[in-house]
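Undergrad: Quick one, structure for this:
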Amino acid sequence: MIGIRELARHLDISIGTVSRALNGKADVNPETRKRVLEAASTLGYAPNQSGRSLRRGMTGLVGVIVPSDPEQTLVDSVFAAVLNGLRRFLSGRGLDLAIFLYVEAEEDAFSVLQRIAGRRLVDALIISQTQRSDPRIGYLLGRSLPFVAFGRCELEEDHAFVDMDFDAAVGGAVERLAALGHRRMAALVPAGELNYSHLITEQFQATLARLGLPHKAGAVHRCSRGKGGGYEAADALLAEQDIPTAVITADRKLAIGLYKRLNEAGLAPGRDMSVICVNCDAQAQFLSPVLSSYQADLPMLGQELGRALQAALTAEKTGLPAAEFPQILMPMRYVEGGSTSERSGART
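TA: Now for the predicted structure:
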């Protein structure tokens, strides 16, 4: 591939004339334009996108900031499916998706956001893993950089977000388990300030109360993220005097750790302890027994993020009222597996 200087040198005409011909300006002789376009095609001319971006004040990029840690080297399968749906939506509108990685043990998400926003590396941002009280939201609201949150936080006004309907999923999971006769349940959620952990915890406790189950009917175990966290939480559950007969997990990795510890104890998910995951994907089918779960249409969720982002970009240009920003809760459907049954025979 060659640039505009090489193309002009090859044709022995000025860079300005080549530029006007490539951009379809009317003041270029038709024969000259034809020569330029034919040479550009033959020689593999590639425009300088950096220069174009500077002139337009746009990069054509949408950024997503993704943490990397031992349990999540890049993105998990749920997030990957969402990003694929988002990428497809953006590519159809001439935009590209840029992923910015950072190591959680070395720096925090807010510092990374400040650096990217301060340098204006992208035209818009999608922030993920929203916290209960997320400083990134307030920071971005004070800047002219359009953004959409993948997930809610306590501050829901004045910005667009797309999230899964965890309230409906958790409520449905508890109701299903109660209908199967389970009266001692536990919920496994990641420790820390991730907002979806709080949403799951609150709905879990609220549904137990609504069903009139006793206070000790449910316990919430906050554990480290990933399979190791699920394993450690399961170990703690098995050490309790009254072992829960049913468990709700916040994601598939926690469920995998739970499965492993139960198997080591000679117990089987479904037979000895019912398990439902409320934030899962099609990978649940590869567990044995198949994990009962609530699943969202993840590619569609990615497309909804794209639509919300498009609205945010439009709002930046037109001054659209904040009340018009999309705030979308994506429904999740229940997928029956083999990990649930009538009141299981776990040790008591």
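
Undergrad: need the helices for the stretch 101-250 of the chain, in chain order.
TA: Remark: helices assigned in the stretch 101-250 of the chain by DSSP state H, counting those that start in this stretch are 109-119, 135-141, 166-179, 195-210, 227-238.

Undergrad: will you turn these into TSV that also has distance to Asp281 and mean neighbour count?
TA: In this view, the C-beta of every residue, glycine as well, is placed from N, C-alpha and C. Formatted as TSV, the helices of the stretch 101-250 of the chain follow (distance: least, Cβ to Cβ, whole Å; neighbours: other Cβ atoms under 10 Å):
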stretch	distance to Asp281	mean neighbour count
helix 109-119	23	15
helix 135-141	26	18
helix 166-179	13	21
helix 195-210	15	19
helix 227-238	15	20
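
Undergrad: Can you classify Ser293 as helix, strand or coil?
TA: Following DSSP: H, G, I helix; E, B strand; the rest coil, Ser293 is assigned to strand.

Undergrad: Wait, it touches Gln285, no?
TA: No: contact criterion Cβ atoms under 8 Å: Ser293 and Gln285 do not qualify, at 9.3 Å.

Undergrad: More neighbours: the two, which one.
TA: Taking Ser293 and Gln285 together and counting by other Cβ atoms under 10 Å, Ser293 has the greater number of neighbours (30 against 13).

Undergrad: got the domain boundaries for the chain?
TA: Per automatic domain parsing, the structural domains of the chain span 4-47, 61-164+298-331, 166-296.

Undergrad: of all these, which gets the most neighbours per residue?
TA: Each of the domains of the chain was assessed for mean neighbour count using mean count of other Cβ atoms under 10 Å. The highest is domain 166-296, with a mean of 20.

Undergrad: Distance from it to the middle of the chain?
TA: Computed by Cα atoms, centre = their mean, to the nearest Å, the separation of domain 166-296 from the middle of its chain amounts to 21 Å.

Undergrad: about what we covered before: redo the helices of the stretch 101-250 of the chain as TSV? Include mean pLDDT and distance to Arg271.
TA: Formatted as TSV, those follow (pLDDT from 0 to 100; distance: least, Cβ to Cβ, whole Å):
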stretch	mean pLDDT	distance to Arg271
helix 109-119	86	41
helix 135-141	88	44
helix 166-179	96	15
helix 195-210	94	23
helix 227-238	94	15
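
Undergrad: Now those helices in JSON lines, please, with extra columns for distance to Glu38.
TA: As requested, the helices of the stretch 101-250 of the chain are exported to JSON lines (distance: least, Cβ to Cβ, whole Å):
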{"stretch": "helix 109-119", "distance to Glu38": "39"}
{"stretch": "helix 135-141", "distance to Glu38": "47"}
{"stretch": "helix 166-179", "distance to Glu38": "58"}
{"stretch": "helix 195-210", "distance to Glu38": "56"}
{"stretch": "helix 227-238", "distance to Glu38": "58"}
